[in-house]
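Chemist: quick one, fold the following:
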Amino acid sequence: MASPPPPPPPPPSCTYNSIIIVGSGVFGLTTALHLLLLPPPTRPTKITLIDKSPFPAPDGASIDSSRIVRADYKDAAYAQLGARALSIWRGGAGVYEGLGGEGRYTQSGLLLVANTAPGGEEEEGMGGESYVRQSLENVVALDGVEGVRGVFNSRGEIEGCVGGFIQREGLKEGGGGGAGSGLGDTGYLNTRSGWADAEASMRFVRRRVEEVGRGVVEFVVGEVVGLEEVSDTNVDVGKNTKGKETKVNGVLLRDGSRLTADLTVLAMGAWTPGLLDLRGRAVSTGQVIGYVSVTAEEEARYKDMPVILNLSTGLFVLPPRNGVLKVARHAVGYVNPVPVTYGQPDGRGPPVLTSLPITAHSSPPNFRLPQEASASLRSALRDMVPEFGDREFTSTRICWYTDTPTADFIVSYVPNRQGLFVATGGSGHAFKFLPVLGEEIVGVMYGLERSKEYAERWRWRERVAENVVTLDGSRGKSVQSELRKLLEEEGEVQVNVGGVGGVGVKAKL
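Modeler: The predicted model follows:
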């Protein structure tokens with residue numbers, strides 16, 4: 001098998017006076033922060049951070065009540081990166097001093113479980129026992145056995161573990177195996193993992209960018225609809241051959257204005273495929289979340305509860321905080337294909353179907369979860385925290401990932417488009433790396449030796465698959481469904497399905 005092509009190298013003179021970053025999520029903000037930490041003359045003199053919404057963006061994946069923080073990975077490279085991040089969440093220094101304070105990080109522990117596969121054979125790429133076993137091996141190799149408070153080989157053992165901190169009244173007897181076994185049949189408890197208050201943590205980073213970047217960083221609220229590009233058909237592409245290359249000089253905004261810079265960074269999360277053709281490399285997928293209210297007395301009773309994550313179903317529950325308990329599903333997700341015309345805000349050129357987010361902020365108030373999603377979240381509550389199994393959801397949302405086939409991020413210069421860099425592909429697991437992510441993105445951007453491993457892992461790849469589905473072993477088994485079709489089957493709902501690059505449509509669902 002031929003070896004993969006190397007990642008596109010940084011330009012020979014990798015110094016940028018001005019940089020535009022599109023997106024103020026975890027990729028965009030941490031990149032800005034670490035650009036500001038570069039020494040002169042490498043440090044940019046102007047950074048423009050653009051987002052379609054005032055900060056914090058209400059439909060951004062990085063803005064939420066909580067995100068799991070763990071080094072519990074099957075992949076040793078991400079386990080190591082997670083361990084680095086955890087050390088800073090627990091007690092950072094420099095610009096991250098105090099990151100985990102004031103309730104932004106809680107070391108609640110993580111109960112990582114899986115169901116026994118029917119016949120003992122796991123479906124390739126789906127979450128299961130092998131992921132749990134290899135995660136445990138990596139955790140022990142990195143951190144020793146100190147944090148591991150139990151390794152469980154039956155549902156009964158897991159029930160015995162959680163019985164000390166979860167009210168088990170109402171839990172069905174028996175079980176073991178099957179999609180409904182939320183507590184799993186095998187797993188372990190790692191007391192050195194936990195969760196972060198995502199919105200509060202992003203506010204912390206935003207303040208640091210404002211402080212360190214005074215006089216350098218400008219924050220712009222505006223919708224980017226295209227790239228300011230100039231084509232050159234007489235570019236030396238090697239071996240005495242001339243070819244075509246496009247120079248990206250900046251971005252075009254919905255209001256008709258243009259912003260220019262030496263380098264443009266696309267860090268728009270699930271909206272990135274609306275500006276950059278990522279077909280075969282990444283796809284925007286919707287993942288479901290529900291919230292239920294709890295009383296102060298109930299929250300106090302669950303104060304020692306760990307995060308519970310079942311890799312076979314993708315369902316997980318986080319401990320209650322501020323009167324709210326969160327339940328969610330980490331699966332292959334929904335897609336929302338809409339027509340997009342890349343780089344052409346005036347609509348010229350043939351549109352292509354690309355999955356882009358639908359959120360409660362881009363659609364009317366009656367936008368809701370599909371019925372199967374609500375039922376799935378309900379089953380998680382009943383099995384994991386049965387005391388709240390029938391409690392009404394106070395709110396729900398769809399959180400949009402940018403999934404890649406392997407769950408590796410895409411952090412790279414874009415081939416044949418000089419002046420364009422992309423940082424996306426979080427695949428639903430990037431947030432935990434907040435205190436180390438920007439450092440590695442900037443390392444890749446400037447070709448630093450210390451980031452060579454990540455430059456290779458996060459490189460720009462040729463189209464990998466016709467239909468991208470993340471198969472890294474962490475996703476619950478489910479079918480990648482088209483969200484609009486599901487809602488159409490359940491009744492008529494008017495939804496603004498969006499569109500970037502000049503194409504916007506409304507679908508009657």
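
Chemist: give the buried residues for stretch 477-491.
Modeler: Using 16 or more other C-beta atoms under 10 Å as the test for burial, stretch 477-491 gives 477-478, 480-481, 483-484, 486-487. Glycine gets a C-beta too; all of them are placed from N, C-alpha and C.

Chemist: residues contacting Pro320?
Modeler: 294, 298-299, 302, 305 (C-beta atoms under 8 Å, 6 or more residues apart in numbering).

Chemist: let me have those in a markdown table, extended by secondary structure, pLDDT and distance to Pro386.
Modeler: Formatted as a markdown table, the contacts of Pro320 follow (DSSP: H, G, I helix; E, B strand; the rest coil; pLDDT from 0 to 100; distance: C-beta to C-beta, whole Å):
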| residue | secondary structure | pLDDT | distance to Pro386 |
| --- | --- | --- | --- |
| Val294 | coil | 97 | 14 |
| Glu298 | helix | 96 | 13 |
| Glu299 | helix | 96 | 17 |
| Tyr302 | coil | 94 | 12 |
| Met305 | coil | 95 | 13 |
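
Chemist: next, format the residues you listed as TSV and append distance to Leu420 and neighbour count.
Modeler: Shown next, in TSV, are the contacts of Pro320 (distance: C-beta to C-beta, whole Å; neighbours: other C-beta atoms under 10 Å):
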residue	distance to Leu420	neighbour count
Val294	46	21
Glu298	50	17
Glu299	47	18
Tyr302	47	20
Met305	45	22
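
Chemist: nearest to Val225 among these?
Modeler: Val294 (42.3 Å; C-beta to C-beta).

Chemist: my read: the closest one touches Lys303, true?
Modeler: No: in this structure Val294 lies outside contact range of Lys303 using C-beta atoms under 8 Å: 11.3 Å.

Chemist: thinking again about what came up before, among the buried residues of stretch 477-491, which are in helices?
Modeler: 483-484, 486-487 (DSSP state H).

Chemist: let me see the ranges of the helices in the stretch 151-300 of the chain.
Modeler: 155-162, 198-212, 296-301 (DSSP state H, counting those that start in this stretch).

Chemist: for Val469, find the nearest of those helices.
Modeler: Nearest to Val469, of these and by C-beta to C-beta, is helix 198-212 at 25.1 Å.

Chemist: which neighbouring elements make contact with that closest one?
Modeler: helix 26-36 (3 or more C-beta pairs under 8 Å, 6 or more residues apart in numbering; DSSP states H and E).

Chemist: still on that earlier bit, I'd like the buried residues of stretch 477-491 as CSV, with distance to Gly91 and pLDDT appended.
Modeler: Shown next, in CSV, are those (distance: C-beta to C-beta, whole Å; pLDDT from 0 to 100):
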residue, distance to Gly91, pLDDT
Lys477, 38, 73
Ser478, 38, 71
Gln480, 40, 87
Ser481, 43, 91
Leu483, 41, 93
Arg484, 46, 88
Leu486, 45, 89
Leu487, 45, 87
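
Chemist: residue nearest the centroid of the chain?
Modeler: Gly428 (3.3 Å; C-alpha atoms, centre = their mean).
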